[in-house]
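Student: Okay, here's the prediction I keep looking at, along with the sequence it came from:
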Amino acid sequence: MKTMISSSPAPAKSAVSETPRDLPALRIWREYRRSKLALIGLVIILGLVAVALLAPWLSPQNPYDLAQLDFRDGRMHPGSAASSGNLTYLLGTDDQGRDMFSGIMYGLRTSLGIGFASALIAGVIGTLLGMAAAYFGGRTDSIVMRIVDLHLSFPAILVALMILAALGKGIGNVMLAIIIVEWAYYARTVRGSALVERRKEYIEAAEGLGLSSMRILMRHMLPNCLPPLIVVFTLQVARAISLEATLSFLGLGVPITEPSLGLLISNGFQYLFSGEYWITFYPGIALMLTIVSINLVGDQLRDALNPRLQR
Amino acid sequence: MTSWILRRLGQAVFVMLAMSVIVFIGVFQIGNPADIMLSQDADQMERARVIAQFGLDQPLWKQYLLFLQAALSGDLGNSFIYNSPALGVILDKLPATLELTLTAMLLAVLIGVPAGLYAGLFPDRLLSRTMMAGSILGFSLPSFWVGLMLIMLMSVQFGLLPSNGRGETAELFGIQWSFLTLDGIKHMLLPALNLAFFKCAIVMRLTRAGVREVVPMDYIKFARAKGLAPSRIVGVHVLRNILIPVVTVLGIEFGSALAFAVVTESIFSWPGMGKLLIDSINVLDRPIIVAYLLLIVVVFTFINLAVDLAYGLLDPRVRVGTAS
C-alpha cells in the first residue's frame, strides 16, 4: 500500500477536491467503481453471501429437516403450491418434495463456505511458503519452486481426483484436495512480489535494525505483497467453488446430508431428460452467478489494485 | 543440445518416480493395504497369499520396490469388477477417450483460430467484443456446467443431438471407433464440444493476442506495400507467426483435456477411461484406480517432456537459459 500512495502522483484536478492523503481503501474503491459490470458483480456476490449466511432464517423451509418435507410434493413445477397449502414452491421441488429455492440457499451456504475456507487456508500456506522462498532464497527457494512447478504442470482436477481416490469423499477431504491444488498458485504469486520487495530499502533497514526474519516477513513484507494476493485469493475462491461443484457432481465431494450446489445439480441431472429441468437448472444458475460474479470482482480488483494503471 | 535433452529426460524420470511414491503411499499406505488389494469377500487364505505376494510384512522401502517392480512389468493387480488385469481394462477404454480428446482439440483449433483471427483483426467490432467476453465465461465456468447446458439445449429442448454413449462404432485396426460412422459422429459432437469449450477460449485469446502483436510489424506493412492480397497476408504471414505459441499450448492442453475427459465422459456417459475411473472410485475397484493414476502420470510426464523438447527446438533461448 505504501508504494501505491507514494508512486502515483495526484492528478491536478482532483488535488483540490480530495484530501491529499486519502485512505488506500477509498482510492481502490474509486478505481473499482469505474466498471459497471464489476459493480453488478459485487452486488450479486454480496447478495449471495448474505443469502448463504442467513439461509436458516430466510428460506421458506429447512430442506434437510425431513419432518418439513412432503413426499407427495415430489418433482413439482416452479410456482406450484404445496399440498399443505402454506407454501409456494417458487423454483419447484426435487424428487423428495424439497423446495428447490430453500435447497439452493442451503447449497450456497455449503458451496461458499467450502470455497472460501479452503481458498483462505491454501492462501495462508501458499503465502508463507512463497515468502519464505523469496526471503531465504537458495535451497529453500529452489525446493519450494520445484514443487510448485511440478504441481502446476498437472491439471487441478487430476490432483483432486488422486486425493479423493485415496482418501474417499467428505467435506474435509474435499477441502484438503482444494487446498493441495491451490496453494501453489499463491506461492508463485507471493514469491514474485516478495522478490521485488526483498530488494527494497525498507527491508534492508529492517534487517539493519536486527529484527527477526519472522517479524520482517510478517510486518514488513506481507503488507506490501497484499495487493496481488487479494486478487489471487478472489479468483481462487471461484476456482475452489467450481472444483468443489465438479467433484460433488461426480459424486466424490460433499455427503448427501449437506449438499452443495454441485450435488444439487448432480441429483437433478437424471430428471433433466424427463423435462423436469428445474431440479438441476436453478442450482446451475446459482452456481454460474456465484462463479461469474466472483470473477468479475476479481478482474476489476486486479485493475484497481495495480498502481501502474492508476489515473 | 544432447546434454539438455538428457537432463530433461532425467527430470522426467525423477518426476515419474516421485509421483509413483505419492500414489504408492496415498493409495496403499493410507488405510489397510490388504483391504485395498482384496475384494470384500476374500477369505483368510486369499488374504495371506496377497500379504505374502505384495510383501506387506516387509519394510516400507522394500514394499515400494516390489510395487515398482510389478508396475514396471505392467502388473498393477486385477480389477475386482472385470476380473482381468487392471491395465488391460483401462487400455481397452483408451480409444474412446483418445478419439474424444482429439476431436475436442480439433474443434478447439477449428473454432478458436478463426475466432481469434477475427477478434484480432477487428478488435472494435461488436462480435469480437462479444466473443472476448464469452471467452471469459469459457475460462471461469466449470466444464460440467457447460456440458449440462449443452444437453439441456441441444438434446432435451431441441432434440438435435444425442447425449448418451458412443453410438454406432466401426472397426479399424481391430479397434472400435465412433468417428467412422455418422451416428458415432453425432454422439461425439456434444461431448467433444463440451471438452473443447475451455480450449476454444484459450486458443482464441492466444490467437487474438498474437494477431495484435504481429499486425503492426514491419514485415506485414511490407507485405501490404508489395500489394499482396489480404487473404494471403493473413493466411500466410500472420498465421504462420502466431501458430508457434498456439501449437505449444495445444500440446499442454491435450494433457489437460485427457484429465477433464473424466468430467465430460461422466456427463455424457461416454465409455472411456475417465468414466471408468469415476465408476471404479464409486465401487472401490482400487487396482483400476491405481493403474489409471499411474498411467495418467506417465502420459502427462511424456506430454510435458514432448512440449518442452519441442519448445527447445523451436526457441533456442530456452536451451541457453537452462545451460547457463
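Tutor: That came in fine, so what should we check first? Residues are numbered from 1 along each chain as shown, chains lettered A, B, ... in the order given.

Student: pLDDT score for B:Gly112?
Tutor: On the pLDDT scale, B:Gly112 is placed at 87.

Student: Beyond the helix or strand harbouring it, next helix or strand please.
Tutor: B:Gly112 belongs to helix B:86-121 when assigned by DSSP states H and E. Per DSSP H and E, helix B:86-121 leads on to helix B:126-140 as the next helix or strand towards the C-terminus.

Student: what is the mean pLDDT for the following helix or strand past that next one?
Tutor: Moving toward the C-terminus from helix B:126-140, the next helix or strand (DSSP H and E) is helix B:143-150. Model confidence over helix B:143-150, given as mean pLDDT, is 84.

Student: Pull the contacting residues for B:Ile90.
Tutor: With contact set as Cβ atoms under 8 Å, 6 or more residues apart in numbering or on different chains, B:Ile90 has these partners: B:Met273, B:Leu276, B:Ile288, B:Ala291, B:Tyr292, B:Leu295. Backbone N, C-alpha and C define where each C-beta goes, glycine included.

Student: Can you give me the buried ones in the helix holding B:Gly112?
Tutor: Judged by neighbour count (16 or more other Cβ atoms under 10 Å in any protein chain shown), helix B:86-121 contains these buried residues: B:86-87, B:89-90, B:92-93, B:95-101, B:103-105, B:107-109, B:111-113, B:115-121.

Student: before we move on, the earlier item: looking at the contacts of B:Ile90, which is nearest A:Gly172?
Tutor: B:Tyr292 (23.8 Å; Cβ to Cβ).

Student: The chain: strands as residue ranges?
Tutor: Assuming you mean chain A. Along chain A, counting by DSSP state E, strands occupy A:80-81, A:88-89.

Student: my bad, the chain I had in mind was chain B
Tutor: For chain B, the strands defined by DSSP E occupy B:170-172, B:175-177.

Student: Output the set of residues of chain A in proximity to chain B.
Tutor: A:150, A:153-155, A:157-158, A:161-167, A:238, A:242-243, A:245-246, A:249-252, A:262, A:265, A:269, A:272-273, A:275, A:277, A:280-281, A:284, A:287-288, A:291-292, A:295, A:299 (Cβ under 8 Å from any Cβ of the partner chain).

Student: For stretch B:282-302, give me every contacting residue.
Tutor: Contacts for stretch B:282-302 (Cβ under 8 Å, 6+ apart): A:153-154, A:158, A:162, A:165, A:251, B:12, B:15-16, B:19-20, B:23, B:27-28, B:36-37, B:71, B:76-82, B:86-87, B:89-90, B:255, B:258-259, B:273, B:276-277, B:279-281.

Student: Can you get me a residue count around A:Tyr106?
Tutor: The burial count assigned to A:Tyr106 is 23, neighbours taken as other Cβ atoms under 10 Å in any protein chain shown.

Student: and it, what does it touch?
Tutor: Counting by Cβ under 8 Å, 6+ apart, A:Tyr106 touches A:Ala55, A:Ser59, A:Pro63, A:Tyr64, A:Pro259.

Student: got TSV for the contacts of B:Ile90, with pLDDT, distance to A:Met214 and neighbour count too?
Tutor: Shown next, in TSV, are the contacts of B:Ile90 (pLDDT from 0 to 100; distance: Cβ to Cβ, whole Å; neighbours: other Cβ atoms under 10 Å in any protein chain shown):
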residue	pLDDT	distance to A:Met214	neighbour count
B:Met273	87	47	27
B:Leu276	87	49	27
B:Ile288	81	47	29
B:Ala291	82	45	28
B:Tyr292	84	43	27
B:Leu295	83	44	18
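
Student: Which member of those is positioned nearest chain A?
Tutor: The shortest gap between chain A and any of these belongs to B:Tyr292, at 8.4 Å (Cβ to the nearest Cβ).

Student: Up against chain A, what does the stretch 151-300 of chain B have?
Tutor: The stretch 151-300 of chain B comes close to chain A at residues B:151-152, B:155-156, B:255-256, B:259-260, B:262-263, B:266-267, B:277-278, B:281-282, B:289, B:293, B:296, B:300, as judged by Cβ under 8 Å from any Cβ.

Student: can you do 6 Å?
Tutor: B:Ser256, B:Ala259, B:Val263, B:Ser266, B:Ile278, B:Ile281, B:Ile289, B:Leu293 (Cβ under 6 Å from any Cβ of the partner chain).

Student: pLDDT weak spots in the chain?
Tutor: Defaulting to chain A. Applying pLDDT under 70 to chain A flags residues A:1-22, A:65-77, A:79-86, A:89-91, A:95, A:97, A:307-311.

Student: Actually, chain B is the one I wanted.
Tutor: In chain B (pLDDT under 70), the answer is B:1, B:27-42, B:53-57, B:78, B:80, B:167-171, B:174, B:178-180, B:182, B:314-324.

Student: Now do stretch B:102-109: distance to the chain's middle.
Tutor: Put simply, stretch B:102-109 sits 11 Å off its chain's centre (Cα atoms, centre = their mean, to the nearest Å).
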